[in-house]
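[1] One predicted model, sequence on top.
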Amino acid sequence: MQQRLLKPHTAGRPSGAVPIAHGLVSGPRVQPAAPSARPASGNVTSHPVGARGPACDQASSAGKRFDSLAAYGLARDVLTKQASNIEGNPIEFLDVTEKFWRALRNQKHEPEKKGPKVVTYADELLFPDSASSSSASTSSSPHPHDYDVVICGGTLGLFLATALQLQGWRVAIVEKRLVQGRNQEWNISWGELEVLVELGLLSEEELKGCVISEFNPIRVGFKGGEDIWTQDVLNLGVHPRTLLDSLKRRFHAAGGIIFENTAFKHADVHPDGIKLSLAPGGAAAPVAVGDTNRPNGLTTGGAAPAPSGPVAPRSMTTRLLLDCMGHYSDIVKQIRGRVKPDGMVLVVGGCAEGFPAEANISADLLYSLSHARDDVQLFWEAFPAEGGQARTTYMFAYSDAHPDRPSFEALLDTYFQMLPEYQGIPLDQLKFKRVLFGGFPCYSNGPLAPAFDRVMQIGDASAAQSPLSFGGFGSMMRHLPRLARGLDQALQEDRLARPDLNWLHPYQPSLSASWLFQRSMSLAVGQVAYPPDCPHAPAYYAAAKEAKAAAAAAAVDRAEGFDGLVSTAGERALSLQEAAMEAVEAVAARFAAGSADPADYFHVEQEVPGAGSDRRTPQLASGKAQPAPPKLKKKLFERDFRTAPEWQRLPYTHVNEILGTNFGVMGVLGDRVLKPFLQDTIQLVPLSLSMTGMMLSNPVTVSRVLMQVGPKTLVSWFAHYFALVAYSLGHVLLSPLRGVVPSYSFQRMLDALEYGSGSDYRYHAPAGPAAGAAVSAGRGAPVAAALSAAARSIDGGAATESMDGGDGGDAAGEAGAAGKSEGGSVKGRKAPKQQQPAAEPMPIPVPVAAATAAAAAMAAATMVVGLPGIGPVTLG
């Protein structure tokens, strides 16, 4: 089969890993060269090692910009032709998603406006004749309420519902559709899944039966930079339907109740409980944006069987309501009002068959094959699926809800256009089974604090997930032990008022600190400077350049029209007089037509804030209306740099450069620094090492981040960083008292310190030699050894490490080579050992190596020598 003849990127690539396109390229199609000793790479193209690519990414024949791609209609063509293969109704789901995204982009930021009122307070008691709420709160007292806990939203809510049911509480799930996961796999690691066995939700065998794909190694790479390989990060594919079916069996066996096809309508909060009003769901409820990625939950169109559970009543009572209805929950809308999200993660992708088996054994976790286009930086993910029979690919971007952001159809067009270049497979050879798209809002003030007594958000509705991720499954697995433990004590002690529930969603500096990374990976509208003739520049950018060139040409023409370069004063005066007369005549004509003020015509009318809304002008004390406010230019909630000076713009390579620097530093520091970040956990020592190393290795690129994110974001990040320091020290000092002080508030404070500092993260050394070990065993070995020693000094010395028998996270990977680690296993289950390539080690840039070595030494001195009496601060 023909392919573009380019030198593949092989340095540091594990054996059997497939070189994947590192950028859009062009050139004649020729027959491939004769096979070499290296494993076959399939129809894959890439830039040479270290290449920065052309001045601007070459345009594909499918289209040059999002706007032209939307007109091209590639996405609808694929969805229409393969509709019989794809789950659900992709065209209907796309239309629903587009309507939501269009409305969100055009929505005004009006935090003073409230959303739908679905939760209200009632003063009367639900059970006036029963015992007091305190005596009725224990598990041994009478139960006047129908349930102790009702969870609205059954996909992720089923995990917490099962945990609470197994602790003896009476739990019911109310689900608008069916509690039935889709066939699209959830990617996670063994270490994160262990919690399901530890809490008794599943047996080890049941958990293993839900995992249908397991793969290694995992790649991170950015255009123009070197690839980094790691292991055991999102390297499992869990089948959601199988997992949820196993949980439902356990939940039902413990006495739990599931009401499917039942929608939440209203909640009255009484002093002694909550009364819920329910409505028919299922086919009676229209398809909403929350349904687009869960077609198996719909009962319409034959996508799923009809429910077999009990018929829900129209009302029920409960002690506690947990809102797990996702980002678009009506309760969340009531709490947030008409607040626009601070950021968005825009995701499109699909799962398809047709990939060669030899090209479907490794994964991409974060990858870019182009620089910024249309003011967004596109990233890619790819995972083997269905045991290697299919492959899932995602294209995503960190953005905001600016009105000029691209539509999902335009993103899907770009996805289908670039997919053959990315994976090296012609589009017509792929058989798509699922197509995914969605927008995930991000808020800088997450997690969402409870706003009512006896009502709390969990899952995506709580905004507790990292702004860098676009799925709540990993976040639910991380917080499940904390929520199960905290809610159990809250129910026992009847601590269900809003201040008590606030302890379960505390401020987490580790979560808030990640907001800077989300900002640094996103680009504001108008913030990018593109090279000349770049085919991926936005339409406004090209128009502005053309207007500037036309103005310059007109100035030259006017100058050349005079005799020489200087005109006489009389000519200038005549020109001004003619212009003034024309303006006066125009104003007189408009005034004669009925203008109230001729001066109005000398100014461009701007939109009045709040025009067209339902707000009324306040009345003065005399009863007369206030004068109309001055006509001001409409201000967007999102940042807009289209009228900003040129010096405020960033090169279109900026995001790739800053991420290349960041991951280059973390790659040298090893898995102990890299893995927590890849799994959305920010910790003090890895963060300090990385940021210091970045400043020392590439100060110019890092300084551009200060201009990119703005002073407000930067100042708030430093506040979160110092809070992270305080939380890390507080966890070290106070965690020994967990078994001594049983108070609810103190226990929740310990949880806040643990999770807020990222200390809940469990590091698992790789089972076999990690890809990074071979990569840094060459010229970078001396630096890696020095960094390894610094890391061991931070961890308190190798003698204190009983988890992996050695520093398995260092760049040399000594513990992995010795095979002494558990490798993120479940009860000792080891991941398959990966063969190492006979490849040339990846070179480590001298500035990066020197900077990270200095950063390691500084952090070691600060955290060990500078904190006497506290002891070493561990990374895990």
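    Nice, I can see it.
[2] just for the stretch 101-250 of the chain, where's the confidence low?
    Across the stretch 101-250 of the chain, residues meeting the criterion (pLDDT under 70) sit at 131-142.
[3] one more time with 90
    111-115, 129-143, 154, 180-183 (pLDDT under 90).
[4] and this protein, what are its domains?
    As given by automatic domain parsing, the domain ranges for the chain are 10-107+340-442, 652-865.
[5] Can you tell me which of those domains has the worst average pLDDT?
    Set side by side, the domains of the chain give their lowest mean pLDDT on domain 652-865, at a mean of 69.
[6] in the stretch 251-400 of the chain, which spans are strands?
    In the stretch 251-400 of the chain, the strands defined using DSSP state E, counting those that start in this stretch lie at 257-259, 262-270, 273-280, 315-323, 343-353, 363-367, 379-385, 390-399.
[7] Let me have those in JSON lines, extended by distance to residue 477 and mean neighbour count.
    Where you see a C-beta, it was placed from the backbone N, CA and C, and this is true even at glycine. Output for the strands of the stretch 251-400 of the chain, formatted as JSON lines (distance: least, CB to CB, whole Å; neighbours: other CB atoms under 10 Å):
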{"stretch": "strand 257-259", "distance to residue 477": "21", "mean neighbour count": "23"}
{"stretch": "strand 262-270", "distance to residue 477": "25", "mean neighbour count": "20"}
{"stretch": "strand 273-280", "distance to residue 477": "28", "mean neighbour count": "19"}
{"stretch": "strand 315-323", "distance to residue 477": "17", "mean neighbour count": "23"}
{"stretch": "strand 343-353", "distance to residue 477": "19", "mean neighbour count": "23"}
{"stretch": "strand 363-367", "distance to residue 477": "17", "mean neighbour count": "22"}
{"stretch": "strand 379-385", "distance to residue 477": "17", "mean neighbour count": "24"}
{"stretch": "strand 390-399", "distance to residue 477": "19", "mean neighbour count": "23"}
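[8] Those strands into JSON lines, with extra columns for distance to residue 83?
    Below are these laid out as JSON lines (distance: least, CB to CB, whole Å):
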{"stretch": "strand 257-259", "distance to residue 83": "31"}
{"stretch": "strand 262-270", "distance to residue 83": "28"}
{"stretch": "strand 273-280", "distance to residue 83": "29"}
{"stretch": "strand 315-323", "distance to residue 83": "34"}
{"stretch": "strand 343-353", "distance to residue 83": "13"}
{"stretch": "strand 363-367", "distance to residue 83": "28"}
{"stretch": "strand 379-385", "distance to residue 83": "20"}
{"stretch": "strand 390-399", "distance to residue 83": "18"}
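[9] Out of these, the one nearest residue 506 is which?
    Nearest to residue 506 among the strands of the stretch 251-400 of the chain is strand 315-323 (17.0 Å), distances taken as CB to CB.
[10] That closest one - contacts with which helices or strands?
    Applying 3 or more CB pairs under 8 Å, 6 or more residues apart in numbering; DSSP states H and E, one finds that strand 315-323 contacts strand 147-152, strand 273-280, strand 455-457, helix 473-493.
[11] what does that strand rub up against?
    For strand 315-323, the surrounding residues in contact (CB atoms under 8 Å, 6 or more residues apart in numbering) are 126, 137, 144-153, 157, 160, 172, 267, 273-278, 329, 331-332, 454-458, 461, 487, 490-491, 494, 496.
[12] out of the residues you listed, which are buried?
    Neighbour-count burial (16 or more other CB atoms under 10 Å) applied to the contacts of strand 315-323 gives 126, 137, 144-153, 157, 160, 172, 267, 273-276, 278, 329, 331-332, 454-458, 461, 487, 490-491, 494, 496.
[13] Which residues are in contact with residue 510?
    Counting by CB under 8 Å, 6+ apart, residue 510 touches 681, 682, 683, 724, 727, 755, 756, 757, 758.
[14] Out of those residues, give me the two with the largest separation.
    Most distant of these, by CB to CB, are 681 and 727, 13.1 Å apart.
[15] that older thread, of the contacts of residue 510, which belong to helices?
    724, 727, 755, 756 (DSSP state H).
[16] now those residues as a markdown table including distance to residue 525 and neighbour count?
    A markdown table is the format used below for the ones in helices among the contacts of residue 510 (distance: CB to CB, whole Å; neighbours: other CB atoms under 10 Å):
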| residue | distance to residue 525 | neighbour count |
| --- | --- | --- |
| 724 | 31 | 23 |
| 727 | 35 | 24 |
| 755 | 35 | 23 |
| 756 | 33 | 27 |
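[17] Pick the one among the residues you listed closest to residue 250.
    The closest of those to residue 250 turns out to be residue 755 (CB to CB; 25.7 Å).
[18] and the closest one, how far is that from residue 503?
    Separation of residue 755 from residue 503 (CB to CB, to the nearest Å) stands at 12 Å.
[19] I'd say residue 755 and residue 481 touch.
    No: contact between residue 755 and residue 481 fails when scored by CB atoms under 8 Å: they sit 9.9 Å apart.
[20] closest to residue 201 among the ones in helices among the contacts of residue 510?
    residue 755 (19.8 Å).
[21] I'd like the distance between that closest one and residue 504.
    The gap separating residue 755 from residue 504 is 11 Å, by CB to CB.
[22] Quick check: neighbours shared by these two?
    With CB under 8 Å, 6+ apart, residue 755 and residue 504 have common neighbours residue 482.
[23] Just put the ones in helices among the contacts of residue 510 in TSV and tack on distance to residue 341.
    Below are the ones in helices among the contacts of residue 510 laid out as TSV (distance: CB to CB, whole Å):
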residue	distance to residue 341
724	24
727	26
755	23
756	22
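[24] can you tell me the distance between the two ends of stretch 322-339?
    In stretch 322-339, first residue to last residue: 22 Å (CA to CA, to the nearest Å).
[25] Please spell out which residues along it are buried.
    322-327, 329-336, 339.
[26] and it, average pLDDT?
    On average, stretch 322-339 scores 95.
[27] mind starting the numbering at 30 from now?
    With 30 as the first residue, the last one maps to stretch 351-368.
[28] So which elements touch the helix or strand where residue 194 lies?
    Element membership of residue 194 [criterion: DSSP states H and E] is helix 186-195. Helices and strands touching helix 186-195, by 3+ CB pairs under 8 Å, 6+ apart, are strand 176-181, strand 200-203, helix 269-282, helix 502-522.
[29] ok and it relative to helix 502-522, angle-wise?
    30 degrees (axes from the mean of the first three to the mean of the last three CA atoms, to 10 degrees).
[30] show me what contacts residue 529?
    519, 773.
[31] Then it would be within a helix, right?
    Yes: counting by DSSP: H, G, I helix; E, B strand; the rest coil, residue 529 is part of a helix.
[32] Would you quantify the distance from it to residue 291?
    Distance from residue 529 to residue 291, by CB to CB: 28 Å.
[33] isn't residue 470 right next to residue 373, touching?
    Yes: Residue 470 lies in contact with residue 373 (CB under 8 Å); the separation is 5.9 Å.
[34] overlap in contacts of those two?
    With CB under 8 Å, 6+ apart as the test, residue 470 and residue 373 both reach residue 430.
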